[in-house]
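Novice: Build me a structure from this.
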Amino acid sequence: MDLRQLRYFSHIAELEHFGRAADRLHIAQPALTRQIRQLEEEIGVELFERLPRGVRLTAAGRVLFAQTKDLLAQCERMIKLTQQVSRGQAGLLRIGFADGVTFNRTFSEILKAFRQECPDVVLDLVPASSLEQAELLARKELDLGFVYWLPKAQSVHSLQFQEEALMLAVPKSSHLAKRKSITIEDLSEYPIVWFRRSNSPSYYDLIVSRFEQKGCTLNVVQEANNESTMLSLVSADIGATFITESALRRKPDDVVFIPVTDLNAMLSVKAMWSDDNNPALSKLVAVVRRAIM
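Specialist: Predicted structure coming up:
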């Protein structure tokens, strides 16, 4: 039994006539009759009752016809899905994103544009630090990551968004809140909410080095796992934190952002990925390129 025989059988069952089915299938009637006879012999039952002017399904034939319609429809869906995957129009993409990336408007625009272009591609969004994403990418457990820092010992492709200056987020109750700008010296011994160094060593060390260059110490009084938590702790008057300008979109009402004139720390989101034969990944990279041009 093969799919061709089942298709032949299905056409005859619909038309109840071998001759008309042969015309529709563009094959000779004797060849069609031979295929159905082989199918009946293989199954061991008669599928059609021969009538003077056509045929009709036997009870066994009606059961097979019902099952055949479902099977052929499933095969058609399978072929369509396979073709879509090969064109990057379907499948699965695992996308990582570092905390804070969601503040970036370009990130949101990329996801929206890709969903519009490839609505049948399933996006598995994975929150993870830049370091964790590098490890996932190396293990082929991630297709593309949106990060702040690229791995040094790992060969990846990358595209960079526009750089953003880091700003200081302070509670409105702070004596610094009404300042138009501040310097690092203004923050000497000021309580800071910051993340663990293991989350992003390069980012952490950059800020520490800027303080050390001014003869100051970064006074971390509370650690947090992500930028959303850091902003919440600032709102709770635990301390201040450094954050990108794009976070202004979602800052709490009782938090103020102030430029730090001598911090000289720029941060940018980067899309990183490894070589892969996933056509959907190529389409996502193309969307990223268009978004940042």
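
Novice: Now do the domain split for this protein, please.
Specialist: What automatic domain parsing lists as the domains of the chain is 3-86, 90-162+269-292, 164-267.

Novice: in which helix or strand would I find residue 10?
Specialist: According to DSSP states H and E, residue 10 maps onto helix 3-15.

Novice: Sorry, slip of the keys, the one I care about is residue 221.
Specialist: Counting by DSSP H and E, residue 221 is found in strand 220-224.

Novice: Just checking, which helix or strand of the chain averages the lowest pLDDT?
Specialist: One helix or strand of the chain scores below all others by mean pLDDT, DSSP states H and E: helix 59-86, with a mean of 78.

Novice: which other helices and strands contact that helix?
Specialist: Applying 3 or more C-beta pairs under 8 Å, 6 or more residues apart in numbering; DSSP states H and E, one finds that helix 59-86 contacts helix 3-15, strand 90-97, helix 279-292. Where C-beta positions appear, they are placed from N, C-alpha and C, glycine not excepted.

Novice: Let's see that with 6 Å instead.
Specialist: helix 3-15, strand 90-97 (3 or more C-beta pairs under 6 Å, 6 or more residues apart in numbering; DSSP states H and E).

Novice: what's the longest one in contact with?
Specialist: Same thing as helix 3-15. The contact list for helix 3-15 (C-beta atoms under 6 Å, 6 or more residues apart in numbering) reads 21, 24-25, 32, 35, 39, 57, 65, 68.

Novice: and if you look at the last one?
Specialist: For strand 90-97, the surrounding residues in contact (C-beta under 6 Å, 6+ apart) are 81, 84-85, 120-126, 128, 133, 142-146, 280.

Novice: now that strand, how far from the chain's geometric center?
Specialist: Strand 90-97 sits 3 Å away from the centroid of its parent chain (C-alpha atoms, centre = their mean, to the nearest Å).

Novice: Just checking: what are the partner strands of that strand?
Specialist: strand 120-127 (parallel), strand 144-147 (parallel) (DSSP bridges).

Novice: Flag every buried residue along that strand.
Specialist: Neighbour-count burial for strand 90-97 flags 90-91, 93-97 (criterion: 16 or more other C-beta atoms under 10 Å).

Novice: Dump these to JSON lines, plus pLDDT.
Specialist: Below are these laid out as JSON lines (pLDDT from 0 to 100):
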{"residue": "90", "pLDDT": "57"}
{"residue": "91", "pLDDT": "78"}
{"residue": "93", "pLDDT": "91"}
{"residue": "94", "pLDDT": "93"}
{"residue": "95", "pLDDT": "95"}
{"residue": "96", "pLDDT": "95"}
{"residue": "97", "pLDDT": "93"}
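
Novice: Please name the two of those residues that end up farthest apart in the structure.
Specialist: By the measure C-beta to C-beta, 90 and 97 form the most distant pair in the buried residues of strand 90-97, at 22.2 Å.

Novice: quick one: contacts for the most centrally placed residue in the chain?
Specialist: By C-alpha atoms, centre = their mean, the chain has its centre lying nearest to residue 123, at 3.4 Å. Neighbouring residues of residue 123 by C-beta under 6 Å, 6+ apart: 93, 95.

Novice: Tell me what it is bridged to.
Specialist: residue 93.

Novice: Most distant residue from the centre of this protein?
Specialist: Quick read of the chain (C-alpha atoms, centre = their mean): farthest out is residue 52, 60.7 Å.

Novice: Columns distance to residue 48 on top of the buried residues of strand 90-97, output as CSV?
Specialist: Shown next, in CSV, are those (distance: C-beta to C-beta, whole Å):
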residue, distance to residue 48
90, 38
91, 42
93, 48
94, 50
95, 53
96, 58
97, 59
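
Novice: Please identify the helix or strand for residue 135.
Specialist: Counting by DSSP H and E, residue 135 is found in helix 130-138.

Novice: That helix to strand 120-127, inter-axis angle?
Specialist: Counting by axes from the mean of the first three to the mean of the last three C-alpha atoms, to 10 degrees, helix 130-138 points 140 degrees away from the direction of strand 120-127.
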